[in-house]
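K.L.:
quick one, fold the following:
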Amino acid sequence: MTITTTGRLSVEQRGRRRAARKGRERGPGGEAIGGTPGFAWLLVITGAAGLLAAWVITIDKFKLLEDPSFTPGCSLNPVVSCGNIMKSEQASVFGFPNPMLGLVAYGAVIAIGSGLLAGAAHRRWYWLGLNAGTLFGVGFCSWLQYQSLYEINALCLWCSLAWVATIVMFCYITLHNIEHRIIRVPEGLRRALLEFHWAPPVVWIGIIGMLILTRWWDFWTATG
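P.N.:
You can find the predicted model right below:
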């Protein structure tokens with residue numbers, strides 16, 4: 001009986017590992033949930049994009065502090081001007097350069113994605129915490145977008161890369177949680193979101209692009 005039970009449990013354990021790799025729930029109570037390789041790679045790639053943007057902005061910020069006459073490489077014209085963004089009060093909302101938050105946050109997302117690629121699975125509270133963190137991130141980015149377009153009157157290309165990465169990251173983490181019923185929504189909405197999973201980030205980023213285009217329409221047409 002012992003041998004049979006041990007063998008049966010061993011098969012179950014192997015099945016749980018396979019389920020975790022495929023992003024299904026593990027355990028009778030669904031206590032741990034993994035992610036598909038595609039989802040894991042998305043976290044790694046968007047995290048890397050955000051980390052790159054945060055790193056470049058941080059380095060340029062240090063150079064600007066050392067030499068106030070320094071002009072960042074992404075300052076191309078009066079509109080696309082990273083220097084004006086870095087000199088603004090909004091660039092240090094919490095008393096230190098904003099991209100320093102990105103160095104930590106985007107690095108954590110890369111680590112989470114890498115863990116999923118290795119077969120990790122996490123409990124419901126973990127996924128909700130990650131969702132809450134990216135919600136704060138996308139909310140902060142939205143505030144910075146407004147400040148950039150209508151208060152600072154300048155655009156930073158590296159900031160824009162971080163915005164896009166954060167939006168895509170937030171959308172797909174939310175969809176992951178909806179798919180696994182960590183976040184409960186009506187079943188019809190759940191199926192629609194999973195079927196057209198590309199729509200939320202594409203529409204969101206498209207709206208931002210239109211706002212940028214219309215905000216500086218006279219400038220774009222004059223220089224075009």
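K.L.:
hey, where'd the strands end up in this structure?
P.N.:
Assigned by DSSP state E, the strands in the chain fall at 25-26, 32-33.
K.L.:
those: lowest mean pLDDT?
P.N.:
Here the strands of the chain differ in mean pLDDT, and the lowest is strand 25-26 at a mean of 46.
K.L.:
shaky segments in the protein?
P.N.:
Where the chain drops to pLDDT under 70, the residues are 1-30, 224.
K.L.:
biggest helix in it, by residue count?
P.N.:
helix 37-66 (DSSP state H).
K.L.:
what packs against it?
P.N.:
helix 82-87, helix 99-117, helix 157-179 (3 or more Cβ pairs under 8 Å, 6 or more residues apart in numbering; DSSP states H and E). Yep, even glycine has a C-beta here, placed from its N, CA and C like the rest.
K.L.:
helices or strands up against the first one?
P.N.:
Read it as helix 82-87. helix 37-66, helix 157-179.
K.L.:
residues contacting that helix, please?
P.N.:
57, 60-61, 64, 70-72, 74-75, 91, 97, 148, 152-159 (Cβ atoms under 8 Å, 6 or more residues apart in numbering).
K.L.:
with distance to A199 added, can I get the helices and strands packed on helix 37-66 in CSV?
P.N.:
CSV is the format used below for those (distance: least, Cβ to Cβ, whole Å):
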stretch, distance to A199
helix 82-87, 30
helix 99-117, 22
helix 157-179, 9
